[in-house]
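[1] Show me how the following folds:
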Amino acid sequence: MRLPISNALWRLLSLSVLTLFLFACSSESMDESLISDESTELPQAINSTSAPVTKLPYPEIPEKSYTIELDRWDIPSDRTDADKTTANLQKAIDWAVDEGYGIINLPKGHYLVGRYGNDIYQAGIALKSNMAFMLDKEAIIEMVPNDKWNYCVLEVTAKERVVISGGTILGDRDNHTYTPRPGDGYTSHDEGHLVCIQNESAYVTVENVKLTKANGDGILLVGQKGPGSSVKHITIKNNEIVGNRRQGISIVGGEDVLIENNEIHHTSGTSPQFGIDIESKIYNSSDIRIMSNYFHHNRGGDLVNVDGKRVVVDGNILEQGDDSEYIDGPIVYRKNADMTIRRNDITMRTMSVNNWNGIIMYSSDKPKTNPAMTYIYENTCNNCGFYMYKGADLEVRDNKLLNGHLVFSKMKNLTVANNEVEHPNKCWAYRFKKVTGFASGNTYNGETFDIPLSEKPWDGCWIH
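    Next up is the predicted model:
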């Protein structure tokens, strides 16, 4: 059954309150710095023109405030002259930071930015350390239409203690020109991003921003300083991330990342097309919390974790959407990623390429090398089920699967406990092939369902 949007949002708020309480009570789950009241108060004048932010998260940012004077700096605010706007807005920001201002306000207006970086890169605005860039709620920063493979509308490169808040960041996907890339001729142009946090930047917050129409990602986190590097201590909260072409958020090397209370939707255009993609490549991604977000209408799926470690997915709503088709499905992970997936509400309307699976673990014949357990508990799957294969070290408990199923193939050290599955066909509800582990307390259509798992591989109701 699909939740109406109004009910879904109400449930999201309730889950958010519960989740915050539980995390606040657990010293192992949340860094005390994220819930501390010892932060710098914003002057009241800032609150009247910017997003509803009342505190800065980093006390090192100076309280001294400056509102950019458009006439003084000759900054167009009428969506004209991208070269002049980019150059002069950058000069104003650099001057303000050099003068000791920490809170830099951008007045309402439509700012067209973007200038030549190199043959494949269109440059935007570079932010500095120890600054809060506060956009008026009617401020729009838009990337000028271009034919470049890469761009960052706002970039945070090798910086610390940066806040981006308020307004709208707009990409050029509706007016982009897909010229072949020099050297290889590719035209995918999927690296045009709205906010780039990169090169081992740390302590960066993005909140209360609408991020839309990127040719690539709404937000890209990337280590960018060699193997094992990452950006660190990143907070992304209370944003609307909508209509981006490749991803809502990509994490390509991020440690201690909190993604909370965002609406992430209508991601589509070029693969993978997920709301959030954790895919580190040569970098490192770990200790990531994805909490109380509302996902819907994301073409590839809502969340994929290729290799992130200690990833918690808690209290989110994941809905396919009435006029949307999943490719992969709501939650996808690979067996060497370790996850805790708990208290989420997942709804599917049509079958994906992975059948009716709200959570699926992709695998291969290669052995699992990460010894960590993955935990999946207290989730509700509406019109969907879970499928894991060729893996190990998994606990699935206390889930409700409505018109759903639990399917496991060639799994070792599996615990299946206290799950409630409703389905018209018993042998589709629970299926096992060469599975070892432990099971207890599971039900099928409200009645006890015995699953005799042990150390000896067991087959049960496998449909060939």
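
[2] Run a quick neighbour tally on residue 180.
    Residue 180 is flanked by 12 other residues according to other CB atoms under 10 Å. Quick note: C-beta positions are derived from backbone N, CA and C, even for glycine.

[3] who's in contact with the residue nearest to it when sequence neighbours are not counted?
    Closest residue in space to residue 180, ignoring its immediate chain neighbours: residue 187 at 5.5 Å, by CB to CB, 6 or more residues apart in numbering. Residues near residue 187 by CB atoms under 8 Å, 6 or more residues apart in numbering: 178-181.

[4] Tally up the residues packed near residue 71, please.
    The burial count for residue 71: 6, using other CB under 10 Å.

[5] Backbone dihedrals for it, please?
    phi -70, psi -40 (degrees, to the nearest 10).

[6] could you list every residue that touches it?
    By CB under 8 Å, 6+ apart, residue 71 has no neighbours at all.

[7] about what we covered before: any idea which of the contacts of residue 187 has the most stuff around it?
    Neighbour-wise, those (other CB under 10 Å) top out at residue 181, 17 neighbours.

[8] still on that earlier bit, the residue nearest to residue 180 and residue 268: what is the separation?
    18 Å (CB to CB, to the nearest Å).

[9] Where do the strands of the stretch 151-300 of the chain begin and end?
    Secondary structure of the stretch 151-300 of the chain (DSSP state E, counting those that start in this stretch): strands at 160-165, 168-170, 191-198, 202-207, 210-212, 217-222, 231-237, 240-242, 247-252, 254-260, 263-265, 274-278, 286-291, 294-296.

[10] Surely residue 95 is in a helix?
    Yes - Residue 95: assigned to a helix according to DSSP: H, G, I helix; E, B strand; the rest coil.

[11] Can you give me the neighbour number for it?
    For residue 95, the count of nearby residues is 14 (other CB under 10 Å).

[12] same check, this time on the one 5 residues further on
    Using other CB under 10 Å, the number of residues around residue 100 comes to 10.

[13] So which residue is dead centre in the protein?
    In the chain, the residue lying closest to the centroid (CA atoms, centre = their mean) is residue 276, at 3.6 Å.

[14] partners of that residue in the sheet?
    residue 249, residue 303 (DSSP bridges).

[15] related to what we said a few turns ago, between the strands of the stretch 151-300 of the chain, which one is nearest to residue 371?
    Among the strands of the stretch 151-300 of the chain, the nearest to residue 371 by CB to CB is strand 286-291 (14.9 Å).

[16] how about the closest one as CSV, C-alpha atoms only?
    Extracted in CSV, the C-alpha atoms of strand 286-291 (Å, rounded to 0.1, in the frame of the first residue of the first chain):
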residue,chain,number,x,y,z
SER,A,286,32.9,5.1,6.4
ASP,A,287,30.8,6.2,9.4
ILE,A,288,27.9,7.5,7.3
ARG,A,289,24.5,8.1,8.8
ILE,A,290,21.5,8.5,6.5
MET,A,291,18.6,9.4,8.7
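
[17] and that strand, which strands flank it?
    strand 254-260 (parallel), strand 309-314 (parallel).

[18] Now do the last one: distance to the chain's middle.
    Think strand 309-314. Centroid separation between strand 309-314 and its chain, computed with CA atoms, centre = their mean, to the nearest Å, is 12 Å.

[19] Beyond the lowest-mean-pLDDT helix or strand in the chain, next helix or strand please.
    None of the helices or strands of the chain scores lower by mean pLDDT, DSSP states H and E than helix 44-49, at a mean of 31. Downstream of helix 44-49, the first helix or strand assigned by DSSP states H and E is strand 55-56.

[20] Show the average pLDDT along that following strand.
    Here strand 55-56 scores 86 as its mean pLDDT.

[21] which secondary structure elements does the next helix or strand after that strand contact?
    Using DSSP H and E, the helix or strand that directly follows strand 55-56 along the chain is strand 65-67. With contacts taken as 3 or more CB pairs under 8 Å, 6 or more residues apart in numbering; DSSP states H and E, strand 65-67 sits against helix 44-49, strand 103-106.

[22] give me that answer again for 6 Å
    Packing contacts for strand 65-67, counted by 3 or more CB pairs under 6 Å, 6 or more residues apart in numbering; DSSP states H and E, involve strand 103-106.

[23] Direction included, what does the strand it packs on pair against?
    Strand 103-106 sits in its sheet next to strand 65-67 (parallel), strand 131-135 (parallel), going by DSSP bridges.

[24] Can you dump the C-alpha atoms of the longest one in PDB for me?
    C-alpha atoms of strand 131-135 as PDB (Å, rounded to 0.1, in the frame of the first residue of the first chain):
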ATOM      1  CA  MET A 131      32.900  31.200   6.500                       C
ATOM      2  CA  ALA A 132      29.200  30.800   6.400                       C
ATOM      3  CA  PHE A 133      27.700  31.600   2.900                       C
ATOM      4  CA  MET A 134      24.100  32.600   3.700                       C
ATOM      5  CA  LEU A 135      21.900  32.900   0.700                       C
END
